[in-house]
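A.B. asks: build me a model from this:
(2 chains)
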2 protein chains.
Amino acid sequence: MTINGELLIGARAVRGTSGEIRAINADSGETMEPSFGGATLEDLDAACALADAAFDTYRETSPELRATFLETIAANIMAIGDELVERAMAETGLPRGRIEGERGRTCGQLKLFAGVVRAGRYLDVRIDPAQPDRQPAPRPDLRLRNIALGPVAVFGASNFPLAFSVAGGDTASALAAGCPVVAKAHSAHPGTSELVGRAVQKAVADCGLPEGVFSLLFDSGRSIGQGLVADRRIKAAGFTGSRGGGTALMKIAQDRPEPIPVYAEMSSINPVILFPGALVAKAEATAKAFVGSLTLGAGQFCTNPGLVLGIEGDDLDTFIGTAAAALGDMPAATMLTPGIAKAYRTGVEAIGAHDAVETVARGKPGHNCQGQAGLFVTTAADFLAHHELQDEIFGAASLVVRCPDLATIADVVDHLEGQLTAAIHIVEGDYPEARKLIPHLERKVGRILVNGFGTGVEVAHAMVHGGPYPSTADGRSTSVGSLAINRFLRPVSYQDLPDDLLPDALKQANPLGIERLVDGER
Amino acid sequence: MTINGELLIGARAVRGTSGEIRAINADSGETMEPSFGGATLEDLDAACALADAAFDTYRETSPELRATFLETIAANIMAIGDELVERAMAETGLPRGRIEGERGRTCGQLKLFAGVVRAGRYLDVRIDPAQPDRQPAPRPDLRLRNIALGPVAVFGASNFPLAFSVAGGDTASALAAGCPVVAKAHSAHPGTSELVGRAVQKAVADCGLPEGVFSLLFDSGRSIGQGLVADRRIKAAGFTGSRGGGTALMKIAQDRPEPIPVYAEMSSINPVILFPGALVAKAEATAKAFVGSLTLGAGQFCTNPGLVLGIEGDDLDTFIGTAAAALGDMPAATMLTPGIAKAYRTGVEAIGAHDAVETVARGKPGHNCQGQAGLFVTTAADFLAHHELQDEIFGAASLVVRCPDLATIADVVDHLEGQLTAAIHIVEGDYPEARKLIPHLERKVGRILVNGFGTGVEVAHAMVHGGPYPSTADGRSTSVGSLAINRFLRPVSYQDLPDDLLPDALKQANPLGIERLVDGER
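C.D. replies: Below is the predicted model of the structure:
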């Protein structure tokens, strides 16, 4: 496949004329070929018009056709072959193993949603049959199904060039729900985006779907991203990125004549809580595993463990000492973009210079595009007094908070903003105290895990990758796992419709053979 | 039971000291006894603090206890007896039959949610068991359940003094979800509110629940309602009322440091579409049924048929003529408050004076607190040119739009704002054209009904009382029916927790005996 810097607007590939975007080799900092033309507002309008025109046809495609479409996207992505892997490696600085794994995850996600579409459970079909003889008034026939919200804007994420970008989780769940997608490529990996975009565009054609089901735009500034969320034909948006970026989109969405949901995944420092028994039993092993999680992928995960809470004393010192030693050996790691590397340096310098914070270890230094890991320590009193200490530093930096006791750990948890994950490290003797802390954690996070770290997000039915604000814009949802499809659906009730006019999912004979709730019973 | 004008803050009843509220006899316009003391910001703070303190205990109550609590509220409401009916009649001007029916519906709603809580399906339990031998990495044990969002603010609605007020649908669904409720009484029926509030307060005590599960506040201005939505301990709000009121609360909720969802049900004109075959077959009968629906409860329903679309010609003229005759015989009806009666008069006068609108019938005139029904006609071209013609007039007024053909009816539907309901009147010969129009309607409404009217909202599993903005703030939800509980829930995932630390819903032995999705299968 060729990368030639074109926008994909429905079935067309056209050169954008509003400025240009260049990929930068993450490791060398050098500009890469080709240049990508930025979309104009006319391109944006064309993509949205096509998406809107495709919506009614696409949302009523059969489960089999829609599932096949998702599987075809996966096959077309694999068919790109090594060109995709190498381009993504160059644009992101991520190693081959990670990119290949992420490609597998991306295709796995598409296939998971194909299964979700075929099962039909996401339609939440409910039937309350008529009761013509009910007193004092007859009951009508009522049938409910979920329908797709409408065209969805998907913003590619810098840190997942495949799994949360053009054909990533947001796109897969929106397409599964029956929503056309207008994707905005992340400027950090435009070549990867175009390759994947062409694979989706080809799948649309392969499956004979209306061309407007998918478009891909490049944005040389911010006007295309902002315009997408503001466009009246767009009915929801998916975003993974900074808090500033996410809240800006939320504001645009709220200020529309018709506000729409923005599913923005923003910032999280993912507290790790070390219980006393676990520290006695395995401070060293936990410290090493912690450093492994912290530095994975240069720390560029939303679920990176940026905060550690433990009770001050010898065992915590052992944890800190072991972690410091392990981290001190860590080579600097290439970050996704020069901008992210710079923001990381700024964040680490600020926390290192903070009066209430002690720097206990730094990884090995590197060049300008690399991040040097950092481990910092403060006290609970200082952490509670300085709100800025819970600002996310995107990269391999973590802050250990020495707490006098478990009650103070609970206070610190209560004081935290919303988070994606919390991890507790425990042995059996810690269970009684863990049981007390869990309700505090449930209020703050979307996922609680035991004796592990939040990095490594399973694509599964029971996954929640979400959490209270500001970890996400809407804690009622997840962006990973089969439940993510719910973000792009809304229920519609049909009262007394003749069978002829009902959608297949609701017809009396159940031609789709799906699970349905009849009079409140399965 | 006594009505003495007190706030209910947890287990206490206290006199509010921030101004006073007086009920007005809807029919006579006379001020009623007693006076109700408005809550201060300290009262608001106390209620929110109690709700927050009760949350962790209440959200983990057993299904049986929580269901019994809901049933106890229903029993306590019935135990008030006729005093409640008479007070509600006096405060709202609604007739005995309607109030008794609404009381039955209110108690039925509470019992429906007791069943929902016992069934446990709303928890959406999903279990993906560990796969320790999976390659390249083991899969952890993942378990998901929904938990309650947190304390919820509920605003009483003027037009449903029981079913959408202190112990109405929002309260029932929030309590069922495990959320404490801080209710703000509607000032139009404070006595009804206090009576019902005391029934809920007593149920909290009867069931041995933490007092903060329920509080009731009166607001002599707007600061309490606004302060409730702004309070950091409140995690969602339910509101039914005007578009101005709803959007103001949405703005407050969005401007918080932690934005929260506001489920505001606002304005809807509920289009009725008369297909050609149906007009030939039954124009007169449909017109009479239409006037019955339009004037029911003085037209004070969110689902009142405020817009009729039909193809111009003799049959539509027959419909209009029959409706005009029936409406002309309608006595004026007492409206809920003098303010609502005045707003209705203003709205009807404005549409009657509109250059593009012809007044074809008015009901019989009445006194100042009454509404005189109105039927108006315009053309599709004028309707499309004058956006103000789709503004809701709360009361028994409706606008018939003469359309040249079915394609124009589709254009008018496309041009509408979001609506709660749409009704299509058809005979079998109309099915092909109805099939074409339904996708247009699905984009605009939450419920589509055939050969009926939207008034009369069944409390059922398959009901959607919701719809795209501005009919509601969030078209992804319903405020009536068992699905309403979803508004107050969010998913949490538990990874690798020992069975001892899992909530009952997720324990391996399934002690609650509820339906669970294991590895994607029931």
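A.B. asks: so who does the closest residue to residue A:363 other than its chain neighbours touch?
C.D. replies: Nearest non-adjacent residue to residue A:363, counting by CB to CB, 6 or more residues apart in numbering or on different chains: residue A:373, 3.4 Å away. For the C-beta atoms, the positions are set from N, CA and C on the backbone; glycine is no exception. Neighbouring residues of residue A:373 by CB atoms under 8 Å, 6 or more residues apart in numbering or on different chains: A:291, A:294-295, A:299, A:327, A:330, A:332-333, A:361-363, A:395-397.
A.B. asks: what about residue A:373, distance to chain B?
C.D. replies: Applying CB to the nearest CB, to the nearest Å, the value for residue A:373 to chain B is 23 Å.
A.B. asks: phi and psi next, for that residue.
C.D. replies: phi -60, psi 160 (degrees, to the nearest 10).
A.B. asks: what comes up buried for the helix or strand encompassing residue A:287?
C.D. replies: Secondary structure from DSSP states H and E places residue A:287 in helix A:276-295. Buried residues in helix A:276-295, counting neighbours by 16 or more other CB atoms under 10 Å in any protein chain shown, are found at A:276-279, A:281-283, A:286-291, A:293-295.
A.B. asks: could you find the closest non-adjacent residue to the residue of the stretch 151-300 of chain A found nearest chain B?
C.D. replies: Closest to chain B within the stretch 151-300 of chain A is residue A:258: 4.8 Å, counting by CB to the nearest CB. Among residues not flanking residue A:258 along the chain, residue B:469 sits closest, at 4.8 Å (CB to CB, 6+ apart).
A.B. asks: next up, the contacts around the one you found.
C.D. replies: Neighbours of residue B:469 in contact, by CB under 8 Å, 6+ apart: A:258, A:259, B:417, B:418, B:475.
A.B. asks: ok so it is a strand residue?
C.D. replies: No: under DSSP: H, G, I helix; E, B strand; the rest coil, residue B:469 falls outside any strand and is assigned coil.
A.B. asks: so residue A:15 sits against residue A:34, correct?
C.D. replies: No: using CB atoms under 8 Å, residue A:15 makes no contact with residue A:34, being 10.4 Å away.
A.B. asks: those two: who's more crowded?
C.D. replies: Between residue A:15 and residue A:34, residue A:34 has the larger neighbour count (other CB atoms under 10 Å in any protein chain shown), namely 16 against 13.
A.B. asks: got the contact list for residue A:205?
C.D. replies: Applying CB under 8 Å, 6+ apart to residue A:205 gives the contacts A:11, A:211.
A.B. asks: phi first, then psi, for it.
C.D. replies: Torsion angles, degrees, to the nearest 10, at residue A:205: phi -70, psi -40.
A.B. asks: repeat for residue A:14
C.D. replies: Residue A:14 adopts backbone torsions of phi -130, psi 150, taken as degrees, to the nearest 10.
A.B. asks: what of residue A:375?
C.D. replies: Per degrees, to the nearest 10, the backbone of residue A:375 is at phi -130, psi 130.
A.B. asks: next one: the one 3 residues further on
C.D. replies: Per-residue torsions, residue A:378: phi -140, psi -180 (degrees, to the nearest 10).
A.B. asks: next, count neighbours for it.
C.D. replies: Residues within reach of residue A:378, counting by other CB under 10 Å, total 21.
A.B. asks: any idea how far it lies from chain B?
C.D. replies: 23 Å.
A.B. asks: what's next to the helix of greatest length in chain A, contact-wise?
C.D. replies: The longest helix of chain A (DSSP state H) is helix A:96-119. Contact with helix A:96-119 is made by A:63-64, A:66-68, A:70-71, A:73-74, A:77-78, A:84-85, A:88-89, A:92, A:94, A:122, A:160-163, A:167-169, A:172-173, A:175-176, A:297, A:459, A:482, A:485, A:514-515, B:136, B:520, as judged by CB under 8 Å, 6+ apart.
A.B. asks: buried residues in that helix, which are they?
C.D. replies: By neighbour count with 16+ other CB under 10 Å, helix A:96-119 contains the buried residues A:98-103, A:105-107, A:109-114, A:116-119.
A.B. asks: what's the first helix or strand after that helix?
C.D. replies: Using DSSP H and E, the helix or strand that follows helix A:96-119 in sequence is strand A:126-128.
A.B. asks: quick revisit: taking the contacts of residue A:373 one by one, which sit in helices?
C.D. replies: Judged by DSSP H, these include A:291, A:294, A:295, A:327 as members of helices.
A.B. asks: same list (those residues) but as TSV, adding distance to chain B and pLDDT.
C.D. replies: As requested, these are exported to TSV (distance: CB to the nearest CB, whole Å; pLDDT from 0 to 100):
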residue	distance to chain B	pLDDT
A:291	18	98
A:294	18	97
A:295	17	97
A:327	23	97
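A.B. asks: how near is the closest residue in space to residue A:506 that isn't next to it in sequence to residue B:95?
C.D. replies: Here the nearest residue to residue A:506 in space, its sequence neighbours aside, is residue A:143; by CB to CB, 6+ apart that works out to 4.2 Å. Applying CB to CB, to the nearest Å, the value for residue A:143 to residue B:95 is 33 Å.
A.B. asks: looking at these two, which is more packed in?
C.D. replies: residue A:143 (24 against 13).
A.B. asks: can I get the CA coordinates of the longest helix of chain A in PDB?
C.D. replies: Only the C-alpha atoms of helix A:96-119 are listed here, as PDB (Å, rounded to 0.1, in the frame of the first residue of the first chain):
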ATOM      1  CA  ARG A  96       8.300  -4.000  17.100                       C
ATOM      2  CA  GLY A  97       6.900  -6.300  19.800                       C
ATOM      3  CA  ARG A  98       4.700  -3.700  21.200                       C
ATOM      4  CA  ILE A  99       3.400  -2.600  17.700                       C
ATOM      5  CA  GLU A 100       2.800  -6.200  16.600                       C
ATOM      6  CA  GLY A 101       1.000  -6.900  19.900                       C
ATOM      7  CA  GLU A 102      -1.100  -3.700  19.500                       C
ATOM      8  CA  ARG A 103      -2.000  -4.700  16.000                       C
ATOM      9  CA  GLY A 104      -3.200  -8.100  17.300                       C
ATOM     10  CA  ARG A 105      -5.200  -6.300  20.000                       C
ATOM     11  CA  THR A 106      -6.700  -4.000  17.400                       C
ATOM     12  CA  CYS A 107      -7.900  -6.900  15.200                       C
ATOM     13  CA  GLY A 108      -9.000  -8.800  18.300                       C
ATOM     14  CA  GLN A 109     -11.100  -5.800  19.300                       C
ATOM     15  CA  LEU A 110     -12.800  -5.700  15.900                       C
ATOM     16  CA  LYS A 111     -13.500  -9.400  16.100                       C
ATOM     17  CA  LEU A 112     -14.900  -9.100  19.600                       C
ATOM     18  CA  PHE A 113     -17.400  -6.600  18.400                       C
ATOM     19  CA  ALA A 114     -18.300  -8.800  15.500                       C
ATOM     20  CA  GLY A 115     -19.300 -11.400  18.100                       C
ATOM     21  CA  VAL A 116     -21.200  -8.700  20.100                       C
ATOM     22  CA  VAL A 117     -23.100  -7.700  17.000                       C
ATOM     23  CA  ARG A 118     -24.000 -11.300  16.100                       C
ATOM     24  CA  ALA A 119     -25.200 -12.100  19.600                       C
END
